[in-house]
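Participant: What shape does this take:
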Amino acid sequence: MKNHLVRYSFTFGLALAACGDDASQQPDASGSPDAAPGSFVPPTPFAVRLSAAGPDQLQAATAAPGGKFYAAGYAAATLAGPRFVTVVKYAAAGLDTTFGTAGVVTTAVDFKGGAGEVVLATQPDGKILVSATVASATNANDRDVAVIRLLDTGALDMSFGTQGVATLNLNDAVLNNTTLAGLDASRGLTANATGIFVHASSRGLGNAAAGGPRLDTDFTVVKLTPAGVIDSTFGTDGQFRLDIQESTAAPRGLKVFDDGTLLASGYAASPGIGTSQPVLYKLTAAGALDPSFAGGGVFHEAILALQTEVYNFAIHGTKIVTGGYGRNTGATNDYISLRFDLQTGVRDLTWGSANGAVVFDPSGAMLGSNCRNAVALPGGKTLLIGSTGPGNMPAQDAVFAVLDGSGKLDTTYGSGIHKFPLGANGNDQFWGGAVSGDQVSVVGYHGGGAAPTETNNDDAYGAVFTIR
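Facilitator: Presented below is the predicted three-dimensional model:
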């Protein structure tokens, strides 16, 4: 399949913000993590038993009707066995037993990706979509992207793709010395009445400027029809590609709006910057860059000196609020949030307190902290989801934090920061989050640490609380 390829070169400025590695630069220094100046009681996380003995994770969540939620991840019977894509339906009271088998659907799709490569969305008609990184059907060493569709009962929608699954081979990886370069990976998913949109990374097309095959990846958006067939009217032959100076793309979030336009997030360490920095780009409904957004459709500028990554974003009316992590100095990351105008892509320098970047350390002790998601709450508030812990491995705690509409920690949610040790000495994570009615849910997993075993491995977790 030939594709629309856009390549970009930029000249970058550097906008420095105060880094949370300096404890004096918290966005709201009045509270410490888990302090409770108000009446908010942090939720008690609950284990979601997807596998009796093997590893299981929840990586994504979305709203279900009636204040309930869907979450997706994987479950495996043994540490080295197949990791089957799994979907659950639940509420604060527990699993919804009307869905699948006792609230759980375990598909036959064998997941071959890493954390954050199972993504979840719903269509306007209520059908459930899951995208996941899978093995190529023709080369077990290669990777493709699968999109699965379920009915609201949890049954596979056999009218979609091939027996409920559409598989996308975006490009083939190539061997670079002893390592495969350019594996396809699932990263974002959204849908409207006209189609389904997948955000993925895939190896760049053609040859590198220096010769030989491309080894880097592009930001790639593919449109499927509601039947699970590539929509050739979108972009070029059904997909849009963004290549930034043959740098390795790290795509993340994707959202389609009522007018059919799309917003995508991620980051790249392009030669024009030299460090990993945010990428936001906006597409027209036809699958072309929107020239009215940022610089020709793409924002890619340096924010913090050493690293600024955007994982996902929340939409508040005409504003985009991002969640991610990075640092100005040192070797440990902090949570970072930026705000942009949705129409123009202009960054809001009044957001937070340090040149338009909200930067804070949820550990309170200058430990490594990674924010993986951003979810819009009512009143312009934003839920940031991730983890914190020494050196990021093997002992981390899952974290969520809430920012108010000005970018400060929201003390109606206690201190605004809440940490959760989901197990003993594991790399505990929250990855997904969603709002359904007046309920909020976060999902993730208790990690098995740096060397998981058959008896100590990943276990899926969730938590639900009420909006304040």
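Participant: for the chain, which spans come out with low pLDDT?
Facilitator: For the chain, the stretches flagged by pLDDT under 70 are 1-38, 392-393.
Participant: rerun that using 50 as the cut-off
Facilitator: By pLDDT under 50, the low-scoring segments of the chain are 1-4, 7-33, 35-37.
Participant: Which residue of it lies farthest from its centroid?
Facilitator: Gly211 (33.1 Å; Cα atoms, centre = their mean).
Participant: can you give me the strands for the stretch 251-400 of the chain?
Facilitator: Taking DSSP state E, counting those that start in this stretch as the test, the strands found in the stretch 251-400 of the chain are 262-268, 277-283, 298-299, 307-316, 319-327, 334-341, 357-360, 368-376, 382-389, 397-403.
Participant: And the stretch 51-200 of the chain, by the same measure?
Facilitator: Along the stretch 51-200 of the chain, counting by DSSP E, counting those that start in this stretch, strands occupy 56-64, 68-75, 84-91, 94-95, 104-110, 118-122, 128-135, 143-150, 165-168, 174-176, 179-181, 185-192, 195-203.
Participant: I'd like these as JSON lines, with mean neighbour count appended.
Facilitator: Every C-beta, even on glycine, is put in place using the N, C-alpha and C of the backbone. Listed next are these as JSON lines, based on neighbours: other Cβ atoms under 10 Å:
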{"stretch": "strand 56-64", "mean neighbour count": "26"}
{"stretch": "strand 68-75", "mean neighbour count": "28"}
{"stretch": "strand 84-91", "mean neighbour count": "24"}
{"stretch": "strand 94-95", "mean neighbour count": "16"}
{"stretch": "strand 104-110", "mean neighbour count": "19"}
{"stretch": "strand 118-122", "mean neighbour count": "26"}
{"stretch": "strand 128-135", "mean neighbour count": "25"}
{"stretch": "strand 143-150", "mean neighbour count": "26"}
{"stretch": "strand 165-168", "mean neighbour count": "21"}
{"stretch": "strand 174-176", "mean neighbour count": "13"}
{"stretch": "strand 179-181", "mean neighbour count": "14"}
{"stretch": "strand 185-192", "mean neighbour count": "24"}
{"stretch": "strand 195-203", "mean neighbour count": "27"}
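Participant: is it possible to export these to a markdown table including distance to Leu289?
Facilitator: What follows is those, written out as a markdown table (distance: least, Cβ to Cβ, whole Å):
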| stretch | distance to Leu289 |
| --- | --- |
| strand 56-64 | 27 |
| strand 68-75 | 30 |
| strand 84-91 | 32 |
| strand 94-95 | 43 |
| strand 104-110 | 32 |
| strand 118-122 | 23 |
| strand 128-135 | 23 |
| strand 143-150 | 22 |
| strand 165-168 | 21 |
| strand 174-176 | 27 |
| strand 179-181 | 26 |
| strand 185-192 | 17 |
| strand 195-203 | 15 |
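Participant: out of those strands, which comes closest to Val229?
Facilitator: Minimum separation from Val229 across these (Cβ to Cβ) falls at strand 165-168, 7.4 Å.
Participant: Just the CA trace of the closest one, in PDB.
Facilitator: Provided in PDB are the C-alpha atoms of strand 165-168 (Å, rounded to 0.1, in the frame of the first residue of the first chain):
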ATOM      1  CA  VAL A 165     -10.300  -8.800  13.600                       C
ATOM      2  CA  ALA A 166      -8.700  -6.400  11.100                       C
ATOM      3  CA  THR A 167      -4.900  -6.800  10.800                       C
ATOM      4  CA  LEU A 168      -2.700  -4.000   9.400                       C
END
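Participant: related to what we said a few turns ago, of all the strands of the stretch 51-200 of the chain, which lies closest to Lys381?
Facilitator: Ranking these by proximity to Lys381 (Cβ to Cβ) places strand 56-64 first, at 16.6 Å.
Participant: got the angle between the closest one and strand 118-122?
Facilitator: Angle of strand 56-64 versus strand 118-122, following axes from the mean of the first three to the mean of the last three Cα atoms, to 10 degrees, is 20 degrees.
Participant: got the angle between strand 56-64 and strand 382-389?
Facilitator: Using the same axes, to 10 degrees: strand 56-64 against strand 382-389 is 170 degrees.
Participant: what's in contact with strand 56-64?
Facilitator: Strand 56-64 has contacts (Cβ atoms under 8 Å, 6 or more residues apart in numbering) with 48-50, 69-76, 86, 88-89, 96, 115-122, 130, 431-436, 441-445, 458-462.
Participant: Neighbouring strands of that strand in the sheet, and parallel or not?
Facilitator: According to DSSP bridges, strand 56-64 forms sheet pairs with strand 68-75 (antiparallel).
Participant: Who are the contact partners of Ala269?
Facilitator: Going by Cβ under 8 Å, 6+ apart, Ala269 touches Ser247, Thr248, Thr275, Ser276, Gln277.
Participant: ChimeraX command for the buried members of these?
Facilitator: The ChimeraX selection below is limited to those of these classed as buried (16 or more other Cβ atoms under 10 Å):
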select :247,248,275,276,277
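Participant: now, among the contacts of Ala269, which is nearest to Ser186?
Facilitator: Thr248 (16.4 Å).
Participant: Looks like that closest one contacts Ala268 (just checking).
Facilitator: Yes. Using Cβ atoms under 8 Å, Thr248 makes contact with Ala268 at a distance of 6.7 Å.
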